[in-house]
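Novice: output the structure for:
(one chain, ligands or ions: 2)
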Amino acid sequence: MTNNNIKWQQLDVNSAQREALLGHKSAVIWFTGLSGSGKSSVANALEQALAMQGKHTYLLDGDNVRHGLCADLGFSATDRTESLRRVGAVAGLMADAGLLVLSAFISPYRAQRELVKSLIPQGKFIEVHIATPLNVCEQRDVKGLYKKARAGELSQFTGISDPYEAPKAADLVLDTSVTSLQDSVQQLLQLLTQKGIIN
Ligand SMILES: Nc1ncnc2c1ncn2[C@@H]1O[C@H](COP(=O)(O)OS(=O)(=O)O)[C@@H](OP(=O)(O)O)[C@H]1O
Ligand SMILES: Nc1ncnc2c1ncn2[C@@H]1O[C@H](COP(=O)(O)OP(=O)(O)O)[C@@H](O)[C@H]1O
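Specialist: Ligands and ions are numbered 1, 2, ... in the order given. Below you'll find the model as predicted:
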């Protein structure tokens, strides 16, 4: 919904000045993948590595966001889109504030990830596909949700009874069934360096 009575307010301190004050560029590192693929583990380890280097970060995680910002939403395609729209808007504001934002959401549809990208300042959306195969995620079954989904106790479960559309051109693809946590972090730090986000 657009409201013609609301105008964008120009402010005097801009994103580039905030980045200069913090000493690094901002970005949104968007992890997408199946439940149990390793999104949270990899994002968490990357945040630790960045914090050790004195970078200013914030990690937005699906499970946590769904306790507050998106507590009113479920897992229908419409609800997931609205949840991701809210998260995208928040991530965009955090990037504007100068932070390195890490986000760990299944974000199963390409169109949903495109929507998020459109909410992030130009050139600051970095897509990382955690492409761990479904059978490995299901074997891990960290929260026992695959078992419930197979038993028909949980509907619309991504990978089992709901789709997952893999990215076609992610900035980085990691399969945690063959890549260690340390190697994933190294590859991510290399990517951020190549892109000139960190030194
Ligand atoms: N139906 C269904 N499908 C998928 N996932 C489910 C579902 N119900 C609950 N959960 C738990 O919710 C976590 C996913 O939330 P997200 O906000 O990342 O999902 S989405 O981006 O809106 O698709 C997900 O967390 P992760 O395992 O960390 O991915 C699950 O623990
Ligand atoms: N190489 C690896 N990288 C990341 N996670 C791994 C790896 N090997 C095993 N795991 C395990 O896989 C599980 C992934 O769970 P999690 O990070 O919560 O995934 P998601 O956030 O995608 O649901 C964790 O229990 C983690 O310890």
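
Novice: count the neighbours of H67 for me.
Specialist: H67: 9 surrounding residues under other CB atoms under 10 Å. From N, CA and C alone the C-beta is placed, and that goes for glycine too.

Novice: could you confirm it falls within a helix?
Specialist: No: counting by DSSP: H, G, I helix; E, B strand; the rest coil, H67 falls outside a helix, being coil.

Novice: pLDDT score for it?
Specialist: Among the per-residue scores, H67 holds a pLDDT of 96.

Novice: then T2?
Specialist: If you check T2, the pLDDT there is 69.

Novice: what do you get for the one 5 residues further on?
Specialist: Model confidence at K7, expressed as pLDDT, equals 92.

Novice: could you measure from R86 over to K117?
Specialist: 15 Å (CB to CB, to the nearest Å).

Novice: please apply the same query to G123.
Specialist: Look at G123 and K117: by CB to CB, they are 10 Å apart.

Novice: likewise for A149?
Specialist: 29 Å.

Novice: compare those two and say which one has the larger neighbour count.
Specialist: Higher neighbour count among A149 and K117: A149, with 21 against 17, using other CB under 10 Å.

Novice: quick one: residues contacting the more buried one.
Specialist: The contact partners of A149, by CB atoms under 8 Å, 6 or more residues apart in numbering, come to S155, F157, I160, S161.

Novice: that's a strand at L102, yeah?
Specialist: Yes: using three-state DSSP, the assignment for L102 is a strand.

Novice: wait, it sits on K55?
Specialist: No: under the criterion of CB atoms under 8 Å, L102 is not in contact with K55, lying 10.7 Å apart.

Novice: tell me which of the two has more neighbours.
Specialist: Higher neighbour count among L102 and K55: L102, with 27 against 19, using other CB under 10 Å.

Novice: which residues does the more buried one form beta bridges with?
Specialist: Beta-bridge partners recorded for L102 (DSSP bridges): I29, L59.

Novice: can you name the residues that contact it?
Specialist: I29, F31, A43, L46, E47, T57, Y58, L59, L60.

Novice: and it, how far from ligand 2?
Specialist: Using CB to the nearest ligand atom, to the nearest Å, we find L102 at a distance of 12 Å from ligand 2.
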